[in-house]
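Q: take this sequence and fold it.
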Amino acid sequence: MKRSRVNEILLEGDAFIRSFGYTLPPFAYLSPKALQCVDNDQIRTRRLGWDITDYGAGGFDEMGLFLFTTRNGLNQDLGQKSAMLYAEKIMISRNEQLSPMHRHEIKVEDIINRGGGTLVLELFRADEDGGIDRNGSVQVLSDGMTRTLAAGAHLKLEPGESVTLFPDTWHAFWGEGDVLIGEVSTVNDDLTDNIFEKPIGRFSQIEEDEDPIHLLVSDYDAHLG
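A: Reported below is the predicted structural model:
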């Protein structure tokens, strides 16, 4: 994925987010140089910030996701009585842009349609070995109500609606129209806690054809030490 395309997506995404009256935190707008100069320890350690992924497949418009992590706890604090054990993201799923089938080992997440089009989720239950059970039903909690669906059924969320996904729920999603998505979850670890149905990558491989306007979370190790 070319850096120039990433820069375009960042600007388009920020404008889309602002159109709903949502404003990202101040550190979102630091230049790479400014981010290197500030005390960025917690931003880097908690992996807060911009995240543009094409899942390593090179076709962002067909399979990809825009994410910004606004707050996040740490894995080592899980189980503590007094700690930040939660995370929050804002995301954008463009019209018919697939986020591929996956689940998590630890994270429980609420996926919320914050505005725009309809968010569609394809759902399966995990079998005893953690794989996909393509025959049994799947049960989810949606805005306080338990819903039981056939394996592979499509759950459609209109603006304001949400679903809670536990680690035993496989899910893929896309927008019918462009959708602003909120995610509230337990601690988020994109390095270790994503299990994909197919052997794909979580982050994009970036071709540096121009300077970044903002660093991605996946840039931090190289740029921030």
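Q: okay, buried residues for the lengthiest helix in the chain please.
A: Longest helix in the chain by number of residues, with DSSP state H as the criterion: helix 3-18. If you call a residue buried by 16 or more other CB atoms under 10 Å, then helix 3-18 has these buried ones: 3, 5, 6, 7, 9, 10, 13, 14, 16, 17. Yep, even glycine has a C-beta here, placed from its N, CA and C like the rest.
Q: residues in contact with it?
A: Where contact means CB atoms under 8 Å, 6 or more residues apart in numbering, the residues beyond helix 3-18 that reach it are 23-24, 28, 50, 52, 60, 66, 68, 90, 92, 178, 180, 204, 206-214, 216.
Q: run the last query once more with 10 Å
A: Identification of contacts with helix 3-18 by CB atoms under 10 Å, 6 or more residues apart in numbering yields 1-2, 22-24, 28-29, 50, 52-54, 60-61, 64, 66-68, 90-92, 94, 114-116, 178-180, 204, 206-214, 216, 219.
Q: list the buried residues for the helix or strand of the chain with the lowest mean pLDDT?
A: For the chain, scoring each helix and strand by mean pLDDT, DSSP states H and E identifies helix 220-224 as the least confident one, at a mean of 89. Using 16+ other CB under 10 Å as the test for burial, helix 220-224 gives residue 220.
Q: and for stretch 178-196?
A: With burial defined by 16+ other CB under 10 Å, the residues of stretch 178-196 counted as buried are 178-190, 193-194.
Q: just the buried residues of the contacts of helix 3-18.
A: Buried subset of the contacts of helix 3-18 (neighbour count, 16+ other CB under 10 Å): 1, 24, 28, 50, 52-54, 60, 64, 66-68, 90-92, 94, 114-116, 178-180, 204, 206, 212, 214, 216, 219.
Q: can I get the buried residues of helix 3-18 in JSON lines with distance to residue 84 and pLDDT?
A: Converted to JSON lines, those look like this (distance: CB to CB, whole Å; pLDDT from 0 to 100):
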{"residue": "3", "distance to residue 84": "32", "pLDDT": "97"}
{"residue": "5", "distance to residue 84": "33", "pLDDT": "97"}
{"residue": "6", "distance to residue 84": "29", "pLDDT": "98"}
{"residue": "7", "distance to residue 84": "31", "pLDDT": "98"}
{"residue": "9", "distance to residue 84": "29", "pLDDT": "98"}
{"residue": "10", "distance to residue 84": "26", "pLDDT": "98"}
{"residue": "13", "distance to residue 84": "25", "pLDDT": "98"}
{"residue": "14", "distance to residue 84": "25", "pLDDT": "98"}
{"residue": "16", "distance to residue 84": "28", "pLDDT": "98"}
{"residue": "17", "distance to residue 84": "23", "pLDDT": "98"}
